[in-house]
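Participant: here you go, sequence then predicted model.
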Amino acid sequence: MAVQLSAFPIEYERNPLKQIVTTGEKFEAMIRWLKSRKRIVVDYETSGIAWFQHATYCGIGLAGWDEQGRIWNAYVPVRHRTGSPQLSSELIAPAIKDLLGDPTIEKVGHNIKFEDHFSRKEGWRIVGPRYDTMVAARLYDDNAPLKLEKRAELDLGIKAAMAWNTTLNVEVAKLARANGMKIEDYKWRYGYSEVDPVLCGIYCCTDTDHCAKLRDHYEQWGVSRYYSRIWPTEMRLTEVLCDMEQNGMPIDVPYLQGVREQVRAAKESLEVRIHQLMGGYRFNVGSDDELRSTLYHVMGLRWEKRTKGNQLAVDREVLEGFSAVSEVCRLILEWRDAEKIDSTYTTSILELLDSRNLLHSNFQSVGASTGRTSCKSPNFQNMSNDDEARALAATGKKLKAGGRDPWSIRRAFCGRGQNWVRVLCDFSQIELRVLAYYSRDPIMVDAYITGEDLHDRTAKEVGALLGHECERRVAKITNFGISYGLSEKGLAAQAKISEADASIFMRAFFQRYAGITAFRQELCAKARREGNQWSSLFGRTRRIPDLASDVFWKRKRAERQMIGSAIQGTAAELTKESLVRIADWLVAEKIPALLVNTVHDEIQIDTPRECLTQVVKNCKRLMEAFPEFHPIPIIAESSVSFQTWADKVPYKEESANGQPI
DNA sequence: GCGACAAGCTTG
DNA sequence: GTACGAGCTTGTCGCT
């Protein structure tokens, strides 16, 4: 029996299924009822998204299903800075802790990792089975946006699902203005904590209602049954990624500040020299429009390359082309390097640190339509690599010979402490192995079974067919490019060879690797037969309607996307399952190591030095245990960072208890 | 003053 | 129109 709470205390939402709980009696009745449910929805409203800084929850939304399948939603405001009666967080804490910690009740949430972070901050945990409707939404339709309200509109047909969100954001905009702050800054600092709890409550109840209905909708379709292999992994992964974000990445702040000062000084002196060389003609180096008019009109340079919008391009390729005749262009390239590091890799990282100088990113297991994990605020997956030219210029040595990039960003990613080391385990050529498995191409399979270097083998095979030596370098670019649907032009551009040579090489490549050619064709043919979709070995489905497009280039693009998704997506599955296996192993064996990062085909773990050998050995074992790829062996290799990310060295048994290298 | 978009850059 | 998948930043433009 559903407990009868009083009606919503405002005129326009007199709905007993959406209520605001502001008395102890109501709260207790609500908890009693929720404790008797099979599953509940959880959704916090907070004072910002920065759980690792000041943000805490300011109210909790909860929902449950009654015996008729109706959904009862309630919002419990506790820390709104304005607004009449609220319950105290101390008062409700024990009951919430007990409810969320009940292993028999399924917890439903849209991006439940967020609820997990704020729960942990209060000292309680989300225990028991989980259902993340955001993950389900991605699996149900991989082409639609993930936002809760959007999916309520698209998948449930609820009109104006965004309405309360809009109302709330209008309110936030007003508050921001009243505080003299930019909306973005205001939201970061205060979130919804200053919004009237009634308005926030209506919004929250609408969200929990949508979330519950989406769960019903997706399960009626059968998401968790249809995706029986990846679903349990994805649900456990929401917890593992939360652990990873909580663990954070230690940052060497003085070093990073030093880099920032250097690049800012470099930017300033470059600007001065650029304007001098221009004879006092001043323009904003960071503005592509001004740069374009400077290069093509003031300086009278000529280049045919255009942007997508048919404007004259001013990108790196063009500027490099001009560098031979124009010192200014060479300096602008240097300025862009410094600007990128300043804005993207120093300032923003320093702003995202917690009080212990730990950097906490935000991983999304369903961020990409291919099934890959994405990462933001900051993005650990595009931290720039150390620059060979800068290292050579600054230290006179190459990186491998002990040279150091003075602007290295990876060097700011330091160790966790005296006794800690970081292990980096990566899959060896995982995408090519996946391709070998799917295509069963005899040459590829043979190369992997015998352990021969694939790029050498490719150069040899293509060379034999053409009757002359082929470069390993070109072979390597071609091998990796296959997953992306490499074109002859693309190969020519990247390998810096003529288009004619690229064309000859690729023709020979596809003739020799007939299995790959056939696989690509059969993959797209099968996808078309099955309604423009294709399911991987792990069952993840990619839907690309454009496979049936009448427009040639759209169809071709769709084919490249399908091939890319098949290979990347399958490879991503190995990383995800490995993350879960490693997390489970650490718990089972009580190893005090911490997962800290994953970059597509790599997993990073901080471990006390005395556990290093054990961690490396077992990560390798767990990552390589994919017998379904037989006869293709899956191989994981390990590196170790004794100092920083920039100093990683291949793992060797004898280095395990050794000194910093 | 905000949101959307374009262009450019960084990764696997 | 010439590569697949991402995220972040600055500058520009139209709208309120």
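Facilitator: Noted; the coordinates are in hand.

Participant: show me where the stretch 451-600 of chain A has helices.
Facilitator: Listed in chain order, the helices of the stretch 451-600 of chain A (DSSP state H, counting those that start in this stretch) span A:454-466, A:472-481, A:488-495, A:499-512, A:514-529, A:552-588.

Participant: one more: the stretch 1-150 of chain A?
Facilitator: Using DSSP H, counting those that start in this stretch, helices in the stretch 1-150 of chain A cover A:24-35, A:89-100, A:112-122, A:133-140, A:148-156.

Participant: C-alpha coordinates for the fourth one, CSV please?
Facilitator: Read it as helix A:133-140. Provided in CSV are the C-alpha atoms of helix A:133-140 (Å, rounded to 0.1, in the frame of the first residue of the first chain):
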residue,chain,number,x,y,z
THR,A,133,19.1,4.4,-17.3
MET,A,134,21.8,6.4,-19.0
VAL,A,135,23.7,3.2,-19.9
ALA,A,136,20.5,1.6,-20.9
ALA,A,137,19.6,4.6,-23.1
ARG,A,138,22.9,4.3,-25.0
LEU,A,139,22.4,0.6,-25.6
TYR,A,140,18.7,1.1,-26.6
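
Participant: wondering if that helix reaches DNA strand C at all.
Facilitator: No. Helix A:133-140 is not in contact with DNA strand C by Cβ under 7 Å from any atom of the strand; minimum separation 9.8 Å. Any C-beta I mention is one placed from the backbone N, CA and C, and that applies to glycine too.

Participant: mind giving me the packing neighbours of that helix?
Facilitator: helix A:148-156, helix A:197-221, helix A:223-226, helix A:230-247 (3 or more Cβ pairs under 8 Å, 6 or more residues apart in numbering; DSSP states H and E).

Participant: lowest average pLDDT across the helices of the stretch 451-600 of chain A?
Facilitator: Least confidently modelled of the helices of the stretch 451-600 of chain A is helix A:488-495, at a mean of 82 by mean pLDDT.

Participant: can I get the helices of the stretch 451-600 of chain A in CSV including distance to A:R336?
Facilitator: CSV is the format used below for the helices of the stretch 451-600 of chain A (distance: least, Cβ to Cβ, whole Å):
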stretch, distance to A:R336
helix A:454-466, 32
helix A:472-481, 25
helix A:488-495, 20
helix A:499-512, 28
helix A:514-529, 37
helix A:552-588, 28
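
Participant: now these as TSV including mean neighbour count and distance to A:E219?
Facilitator: Below are those laid out as TSV (neighbours: other Cβ atoms under 10 Å; distance: least, Cβ to Cβ, whole Å):
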stretch	mean neighbour count	distance to A:E219
helix A:454-466	19	43
helix A:472-481	19	40
helix A:488-495	16	43
helix A:499-512	17	44
helix A:514-529	16	26
helix A:552-588	20	22
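
Participant: of the ones you listed, which is nearest A:A137?
Facilitator: helix A:552-588 (17.0 Å; Cβ to Cβ).

Participant: residues of stretch A:222-234 that come out buried?
Facilitator: A:V223, A:S224, A:Y227, A:I230, A:W231, A:T233, A:E234 (16 or more other Cβ atoms under 10 Å).

Participant: quote the end-to-end distance of it.
Facilitator: 15 Å (Cα to Cα, to the nearest Å).

Participant: what parts of the stretch 401-550 of chain A come near DNA strand C?
Facilitator: Contacts of the stretch 401-550 of chain A with DNA strand C, taken as Cβ under 7 Å from any atom of the strand, map to A:I477, A:G481, A:Y484, A:G485, A:L486, A:S487, A:K489, A:G490, A:L491, A:A493, A:Q494.

Participant: ok, the nearest residue to the third one once chain neighbours are set aside - contacts?
Facilitator: So that's A:Y484. Nearest-residue entry for A:Y484: A:G564, 5.5 Å, with adjacent residues in sequence omitted and distances by Cβ to Cβ, 6 or more residues apart in numbering. Each residue near A:G564 by Cβ atoms under 8 Å, 6 or more residues apart in numbering is listed here: A:T370, A:S483, A:Y484, A:G485.

Participant: just the buried ones from those residues?
Facilitator: Buried by 16+ other Cβ under 10 Å: A:T370, A:S483, A:G485, out of these.

Participant: for the residue in the stretch 1-150 of chain A positioned nearest to DNA strand C, give me the pLDDT.
Facilitator: Nearest residue of the stretch 1-150 of chain A to DNA strand C: A:D142, at 8.3 Å (Cβ to the nearest atom of the strand). Note on A:D142: pLDDT of 91.

Participant: can you tell me how far the nearest residue to it once chain neighbours are set aside sits from A:M562?
Facilitator: Closest residue to A:D142 apart from its sequence neighbours, by Cβ to Cβ, 6+ apart: A:S369 at 4.7 Å. Distance check for A:S369 against A:M562: by Cβ to Cβ, to the nearest Å, it reads 11 Å.

Participant: repeat that for A:L199.
Facilitator: A:L199 is 45 Å from A:M562, by Cβ to Cβ.

Participant: swap in A:N143?
Facilitator: Counting by Cβ to Cβ, the gap from A:N143 to A:M562 is 13 Å.

Participant: A:D546 now?
Facilitator: A:D546 is 9 Å from A:M562, where distance means Cβ to Cβ.

Participant: and the helices in the stretch 301-450 of chain A?
Facilitator: Under DSSP H, counting those that start in this stretch, the stretch 301-450 of chain A gives helices at A:316-323, A:327-340, A:348-351, A:388-395, A:430-439, A:442-450.

Participant: hang on, the earlier thing: can I get the contacts of A:G564 in TSV including distance to A:I274 and pLDDT?
Facilitator: Putting those into TSV (distance: Cβ to Cβ, whole Å; pLDDT from 0 to 100) gives the following:
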residue	distance to A:I274	pLDDT
A:T370	41	90
A:S483	40	78
A:Y484	36	76
A:G485	39	77
